[in-house]
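Enquirer: What shape does this take:
(chains A and B)
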Amino acid sequence: MKPENRIGIFLCECGGKIGNRIDLPQVSELLRYEPWEHLGVYPYPCLAPGLEAIKQDVQAKGLNRILVGGCSSRVMKKRFTKALAPLGVERHQVEMINLKDHVAAVHEATPQELAHKAAALIAGGMASLRLLEPFEPVSLTFEGPALIMGGGFSGFIAARELARHGMESVLFSKAQSPERVLDELHWTFPGCRIFCGDLADLLREVFTHPRVKVMPDQPIDYIVGGVGDYHVGLKQPDGSVTEVAGAAIITALDREYGPGNIDYIGGGERVCDLLELEEKLGAGDISPGKMVFWVNSPQHGQAAQELAAMAAWRDSLVLAREHPQVQPMVVYPANITLPLSGNDLREARTQGIGLMSYAPEVHPVVQSGFLSFVSPGDNLEHEVEWDTLVVPGAPADPVEKAQELLRWLPIYPENGGRLQKSHIKFWPDQIPDESLFFTGSAGGVCDLNEVIQQGKKAARGVLNLREKALQGKLVSPVVVHVDKDLCEGCGLCTEICPCGGIEHVKPGSGPIARETDNHLCSGGGTCAATCPYEAIKVLNNSTQQLEARLKAILSRMQENEILGFVCGWGGLASAEQAAVKGLTYPKGIYLTPVNCLGSLDPFILSMAFLNGAKGIMLAGCTPKHSCHYHYGVDHCWYRVNAMKKLLSLAGLERRRIAIGYVEVNEPESFVRMVEANMDVLDKLPPLPQDDQTKARLWAIHATLHRPRVRWVLGTSLRRPTEKEFPGSQFNAVDADETMLEVLREEFLAARIIKAISDQPLNPPGIALTMGEPVKSITPLLPDMAQEGRIKLQGWEGGYPIYGLGKK
Amino acid sequence: MSAQKTKQGKKTKEGKKAKKEKDDGLIRFKINGQPVQAREGWTILETARQNGVKIPTLCFHPAVEAIGSCRLCVVEIQQNGHTRVAASCITPVQGGVDVLTDSEEVQNVRRWVLEMLLAHCPASHQIRELAKEYGVTSTRFKTEHPEDACPRCGLCVRACDEIVGIRAISLGNRGVFKEVTAPYHQRSVDCIRCGTCLYICPTGAMEQLFPQVSAP
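Expert: Modelled structure (predicted):
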């Protein structure tokens, strides 16, 4: 049974910072008819005496919903949840309304005026709390081996760590013996030969360990399932698919190096790259004389140059020890940090290995037998003699096999081909246990030693999950829930989800309802805002809660005031920072923080207008690199754009809704944004309250609930890097016009439905009610009747009569 | 400052001997002559604020553990004819004492602290305002970095650790060289850019520091 809602409201005076600016007794008065069990004003609820008082009230009155009207939820919520946890109050049962930074500190109005705003925001918080739903966390099993995919070297380390700790693993590797692995290692880690002895021991242990099963690398058909229970389909040469199951996946991917840029140097056999040198070293085919390693190619970045310098140094050591007839020398650019220790430098002296830096501003010149470069020490040009010239290999893009793997995992290529897993920047308590393990140099240029550490770390992560599962503590937090009855299995959510929180299904399995993997879910919520059938719910942060909150706020707003949405990162931080800095802005904007603007369902926007909002402003992070949910803010842009189109179709001003971008440390920009937007909206009249406008706003709202509109909107949510457009559209204008066409048609259909909602009408009657020419609606009516959206109820005077209900 | 620290140590020993009213678990003492009640575990600062007595603070924030580093919240504690000055944010309540929050002695210490702060972080608007409130407009100490606004109170560092749980920033170096920085003086890639440090910084210094400690 659903426990009764018992809401307690605790208003903070903050030693006068709030109490002097907002008339708190009046706030209490304004909230008198709201359904709370307790309402009190406290000098400092967050200090020990205040917390004690709250605890007493919670116990005495059996409160199970706590609303604190005080300051920033980001900073203070933990203090309250920690104090209330012993009383059985969960984190989501505590709601904070930031009266200090959104009301008291930033407006110049009187305490009485601000009391109205404070009361509205609190009433909104209460409305949201009332819709909280209890849910049972799901315990996960964690059985089977770890699947180590991708073939990176860190996979071997991970397998060894797991085996040593008694966990089985299946390792997919192109090479099927330690020798083969070492033969190919220099393609990913040049300069590794010096370690080959130690690595051979490690690899032998992995290949012979009873708990490690080494399987040949096979093309991947699918990866489905979630933490604790993954299924990987492997394509067999005969076209069939075999399935391997495992509890966790470790993705070990290393970046490969391709041939160095040596064509322009020429020199035939005497000039080679590091990869060729390694092969010669392996074969023992080294010609005597002076060998110069020239670390060039600044275009690959300093990290790559540092790695190349390190590789050259290591190969020089091998040469000095095994081939004394060779005199190695490393020539490196002065702007990189030579990753060598004092001991290394001493060893270089004793072994006779030369180390020379060159000024990177002047490109060294290759001559036959000489390399000339400018020394940064004396600005003089120097020459070194060479018999063999070695340059680094060039880092290559992720190979096709890796791309195939990435299709199934929340790992994305960033600028420069670097791979990056999702969940980059979150509060640690926003995501449960680390369960997405991605290791290897594909995630960023790094040395073999570092990759080994990454492999160990991933193994420890998997072991941590297993340990938790053994104790029965591996719990799926349940963030997102898919309603199986509503889900049509279209898969749009899986496509759109940036974090892998919505599982993939096997190819060809048809439209089946999606499962969620809440261990990966970041709570960004764009999936819920996208779903054409509104089947996805972000638990305890649901669109229904937001709708209730906004309705409560809107009912207390005045006609010239506007709604503001700030994302939990750039927008919220800047808005609160404005208060800290003592900036002020007009009080007519009512801010509602959301996790990400991407979580805003388009119908939230239309609902706000339908309920009388004069305008809406949204402030989120700057698209591309700073959105914490990858593309959330981009997705929101498309929804705002659809809303703009609908407003202009309804004959209203597009500028009633505006989106802006602000970073975490930009309070001034936020204030400018608010002021500019308020200026624009001040020039507009409040929303007309006539029946015609109301009918149109209703139709906009209905349009945004239509699966067809939501589908088209969902498929057009492109990622900013994508150059292609969905379907048969070839450019931005085409794509936009398709969207507009769908919106126009559905908007008209919604208006027709609204027109006949009171009484059945014939086409001229409908057109008259809508204020449109008859010919604009007649083509639509038979189609709508055929779809069953409207009913033909009979004929009168040669005209069909349409209605909503049965005849 | 060190003299006060030793006094502080002496005080905690005395604290154990505190006279407690057994019946209702309340600890009774006086703040500026006004009788107040507190419970075990409360600090003098918390009790004072609960009773509407203002005590200035800089390095104190309810969301993180108090460490008493700025010494602005000093109060005078009188007991059995003895008197001592202690940081109220970390001093637990004690039965039967008289706490003075604005006595001659307290004001004197506070002015000294403010003078030092004014010399150390003169660029902070908030520090200058606070100093002015206590009549401190100039400092007898040498100002080495006129552009500095950071009092090294470590509130941002504690917030990043205790509230966020990331530890992207830390206090580097010691003594007069102490600074807020990220490990190895590199812009921290661990920083999630939540803005908690910016929000909590009492002097506005983090705004300048943030781009130096956080990798975009």
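
Enquirer: For residue A:276, pull up the helix or strand it's in.
Expert: helix A:274-283 (DSSP states H and E).

Enquirer: Can you name the residues of chain A sitting close to chain B?
Expert: Contact residues (CB under 8 Å from any CB of the partner chain) of chain A with chain B: A:15, A:43-44, A:46-50, A:52, A:72, A:74-76, A:78-79, A:425-429, A:569, A:572-574, A:576-577, A:580-581, A:625-626, A:628, A:664-665. C-betas here are computed from N, CA, C, even on glycine.

Enquirer: In PyMOL, how would I select just the buried ones from those?
Expert: Of those, the buried ones go into a single PyMOL selection, burial set by 16 or more other CB atoms under 10 Å in any protein chain shown:
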select buried, chain A and resi 15+43+44+46+47+48+49+50+52+72+74+75+76+78+79+425+426+427+569+572+573+574+576+577+580+581+626+628+664+665
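
Enquirer: Name the surrounding residues that touch the helix holding residue A:276.
Expert: With contacts defined as CB atoms under 8 Å, 6 or more residues apart in numbering or on different chains, helix A:274-283 is touched by A:183, A:186-187, A:190-191, A:193, A:257, A:259-260, A:272, A:286, A:293, A:308, A:311-312, A:315, A:318-319, A:322, A:390-393.

Enquirer: ok now do the closest residue to chain A within chain B, which residues does it touch?
Expert: Nearest to chain A, among the residues of chain B, is residue B:195, at 3.1 Å (CB to the nearest CB). Residues near residue B:195 by CB under 8 Å, 6+ apart: A:74, A:569, A:572, A:573, A:574, A:576, A:577, A:664, A:665.

Enquirer: now, which of those sits nearest chain B?
Expert: Lowest distance from chain B to the contacts of residue B:195 (CB to the nearest CB) belongs to residue A:573, with 3.1 Å.

Enquirer: Go ahead and list the helix or strand containing residue A:55.
Expert: helix A:48-61.

Enquirer: okay, how far is it across stretch A:234-249, tip to tip?
Expert: 14 Å (CA to CA, to the nearest Å).

Enquirer: how far is that stretch from where the chain is centred?
Expert: Distance, stretch centre to chain centre, for stretch A:234-249: 29 Å (CA atoms, centre = their mean, to the nearest Å).

Enquirer: next one: stretch A:207-219
Expert: 33 Å.

Enquirer: quick one: contacts of that stretch?
Expert: Against stretch A:207-219 from outside (CB under 8 Å, 6+ apart): A:145, A:151, A:159-160, A:162-163, A:166-174, A:176-178, A:206, A:234-236, A:244, A:401, A:404.

Enquirer: Now do the contacts for residue 64.
Expert: Using chain A here. A:3, A:4, A:5, A:6, A:89, A:93.

Enquirer: My question was about chain B, not that one.
Expert: Counted by CB under 8 Å, 6+ apart, residue B:64 has contacts B:155, B:158, B:159, B:162, B:163, B:200.

Enquirer: quick check, nearest of those to residue A:758?
Expert: Using CB to CB, residue B:163 comes nearest to residue A:758 of the contacts of residue B:64, at 54.9 Å.

Enquirer: what's the average pLDDT for the helix holding residue A:276?
Expert: The average pLDDT for helix A:274-283 rounds to 88.

Enquirer: What residues sit buried inside it?
Expert: A:274, A:275, A:276, A:277, A:278, A:281.

Enquirer: what is the rounded mean pLDDT of stretch A:513-525?
Expert: Here the average pLDDT along stretch A:513-525 is 85.

Enquirer: just to revisit the earlier point, among the contacts of stretch A:207-219, which are in helices?
Expert: A:159, A:160, A:162, A:163, A:178, A:206, A:401, A:404 (DSSP state H).

Enquirer: if we can go back for a sec, switch the contacts of residue B:64 over to JSON lines; also include pLDDT and neighbour count.
Expert: Compiled in JSON lines, these are given as follows (pLDDT from 0 to 100; neighbours: other CB atoms under 10 Å in any protein chain shown):
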{"residue": "B:155", "pLDDT": "96", "neighbour count": "25"}
{"residue": "B:158", "pLDDT": "96", "neighbour count": "21"}
{"residue": "B:159", "pLDDT": "96", "neighbour count": "24"}
{"residue": "B:162", "pLDDT": "95", "neighbour count": "16"}
{"residue": "B:163", "pLDDT": "95", "neighbour count": "23"}
{"residue": "B:200", "pLDDT": "96", "neighbour count": "21"}
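
Enquirer: Please list which of those residues are also close to chain A.
Expert: Answer for the contacts of residue B:64 near chain A (CB under 8 Å from any CB): B:159, B:163, B:200.
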